[in-house]
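K.L.:
sharing a model that was predicted from the sequence below.
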Amino acid sequence: MEPSLRRDDDRAGERVTVSAGRELTMTTVSSGPPIVVAASGVLDASTSKRFEDAIGDHLAEHVSVVIDVSNLATCDSSGLGALVRLNRRAQRLGGSVAIKHPRQHIADLLMMTGVGKVIEIIPADD
């Protein structure tokens with residue numbers, strides 16, 4: 001099943017919902033710079049492509065994006081790959097991707113896989 005994508009056009013407060021049996025919602029919290037996007041739900045094989053496309057759209061307009069993952073329930077290797085590819089794209093544009101407020105299990109995953117060494121992690125206590 002191809003994931004469905006719903007996008008409201010208002011950039012600040014924009015909501016993008018990706019659904020393929022599991023849901024990922026992205027909301028533009030701040031129009032920047034840097035732009036801040038809050039992601040909630042599941043970042044996995046069924047949602048990572050649309051996640052990457054939606055964040056990539058923001059990178060086309062802003063070179064730096066902060067992704068607030070405090071409400072992200074889970075992230076698998078597809079989600080990690082999307083984060084790394086987005087970071088590489090931002091670096092080519094002279095910008096960056098940062099991951100803000102990961103839950104402990106996601107922070108552990110980012111550090112164990114080495115992703116936390118190439119993408120800035122903003123801990124919840126900041």
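P.N.:
Thanks, I have it.

K.L.:
give me the low-pLDDT residue ranges for the protein?
P.N.:
Low-confidence segments of the chain (pLDDT under 70): 1-22, 126.

K.L.:
mind naming the longest strand for it?
P.N.:
Counting by DSSP state E, the longest strand found in the chain is strand 64-75.

K.L.:
list the buried residues of that one.
P.N.:
For strand 64-75, burial by neighbour count (16 or more other CB atoms under 10 Å) applies to 64-69, 72-73, 75. Every residue, glycine included, has its C-beta placed from N, CA and C.

K.L.:
how about those residues in TSV, adding distance to I55?
P.N.:
Compiled in TSV, the buried residues of strand 64-75 are given as follows (distance: CB to CB, whole Å):
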residue	distance to I55
S64	11
V65	6
V66	11
I67	7
D68	12
V69	12
L72	13
A73	18
C75	14
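
K.L.:
one step back: partners of the longest strand of the chain, with directions?
P.N.:
Paired neighbours of strand 64-75 in the sheet (DSSP bridges): strand 35-43 (parallel), strand 96-100 (parallel).

K.L.:
what about it, distance to the chain center?
P.N.:
Distance of strand 64-75 from its chain centroid, counting by CA atoms, centre = their mean, to the nearest Å, is 5 Å.

K.L.:
tell me the one of the buried residues of strand 64-75 nearest V97?
P.N.:
Of all the buried residues of strand 64-75, V65 has the smallest distance to V97: 5.4 Å, by CB to CB.

K.L.:
got a list of what the closest one touches?
P.N.:
V65 makes contacts with 34-37, 55, 58-59, 86, 90, 95-98, as judged by CB atoms under 8 Å, 6 or more residues apart in numbering.

K.L.:
in contact with I106, which residues?
P.N.:
Contacts of I106 (CB under 8 Å, 6+ apart): 69, 72, 74-75.

K.L.:
taking the buried residues of strand 64-75, tell me the two that lie furthest apart.
P.N.:
Farthest pair in the buried residues of strand 64-75, by CB to CB: S64 and A73, 25.5 Å.

K.L.:
nice, that's everything, thank you.
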